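*Asks:* With the sequence up front, the predicted model follows.
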Amino acid sequence: MRHEVRFSGYGGQGIILSAVILGRAAALYDGKYAVQTQVYGPEARGGASMGQVVIDDAPILYPEVADPDIYVIMSQQGFEKYGTRAREDAVMLIDADLVRSRPACRAYEIPATAEAKTALGREIVANIVMIGALVAATEIVSREAIERAVLDSVPTGTENLNIKALQRGFELGERACKP
């Protein structure tokens, strides 16, 4: 089944890395096909940033994200630029403290940045918290695959912190999905 995932936020939040990690988890560890693309403004930090991933069980013939069914939005600017036209049956995970707007589609509020700051002591892992929540909420890839992809992608010496962030994201995603 084809899934089109769009990550957005501002430069410096690890948006592009999040898309790379998800694509890696799907392609290398879950045996799926995946294509990742990215867009970011001229500002290295602070400007709008967007990464996209297409994941499918079959070879991907069209690699662009045309109509995302899953969104991960980590800033208000990211929502305004890339999330306002989400279709009604889409799923959107939003950073509860950084995104003021709410979409018409099903949305899960994940306090990723607040949790990264308070529970983990490092705001820089908010994107990993959000990836964990994404996997828990959508099961787009397996938990084992995303864990391996995170470990492959983070700097040496930060593995334990990032795994804790991922586990915290799993918990937040599970909690957000409960009726």
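*Replies:* Now that the structure is in, tell me what you want to look at.
*Asks:* contacts, neighbours, all on C-alpha from now
*Replies:* Noted.
*Asks:* which SSE is the residue of the chain positioned farthest from its centre in?
*Replies:* Centroid-distance maximum for the chain: residue 61 at 23.1 Å, with CA atoms, centre = their mean. Here residue 61, judged by DSSP states H and E, is contained in no helix and no strand.
*Asks:* Next, the contact list for it, please.
*Replies:* Shown in contact with residue 61 (CA atoms under 8 Å, 6 or more residues apart in numbering): no residues.
*Asks:* How much space separates it from residue 29?
*Replies:* 21 Å (CA to CA, to the nearest Å).
*Asks:* Residue 173 too?
*Replies:* According to CA to CA, residue 173 stands 21 Å off from residue 29.
*Asks:* can you check residue 65 too?
*Replies:* Distance of residue 65 to residue 29, given as CA to CA: 22 Å.
*Asks:* buried sites along the lowest-mean-pLDDT helix or strand in the chain?
*Replies:* None of the helices or strands of the chain scores lower by mean pLDDT, DSSP states H and E than strand 33-40, at a mean of 89. Buried positions in strand 33-40, judged by neighbour count with 16 or more other CA atoms under 10 Å: 33, 34, 35, 36, 37, 38, 40.
*Asks:* Closest one of those residues to residue 178?
*Replies:* Nearest to residue 178 among the buried residues of strand 33-40: residue 34, at 28.9 Å, using CA to CA.
*Asks:* Burial check on residue 119, number of neighbours?
*Replies:* By the criterion of other CA atoms under 10 Å, residue 119 has 13 neighbours.
*Asks:* Next, give phi and psi for it.
*Replies:* Backbone dihedrals for residue 119, given as degrees, to the nearest 10, come out at phi -80, psi -30.
*Asks:* Could you grab the helix/strand/coil label for the closest residue to residue 78 other than its chain neighbours?
*Replies:* The shortest distance from residue 78 to any non-neighbouring residue, by CA to CA, 6 or more residues apart in numbering, is to residue 9 (4.4 Å). Secondary structure, DSSP: H, G, I helix; E, B strand; the rest coil: residue 9 is strand.
*Asks:* Show the pLDDT at residue 9.
*Replies:* Per-residue pLDDT puts residue 9 at 93.
*Asks:* Repeat that for residue 178.
*Replies:* Looking at residue 178, its pLDDT stands at 84.
*Asks:* ok, now residue 123?
*Replies:* 95.
*Asks:* distance of it from residue 142?
*Replies:* From residue 123 across to residue 142, the span is 25 Å (CA to CA).
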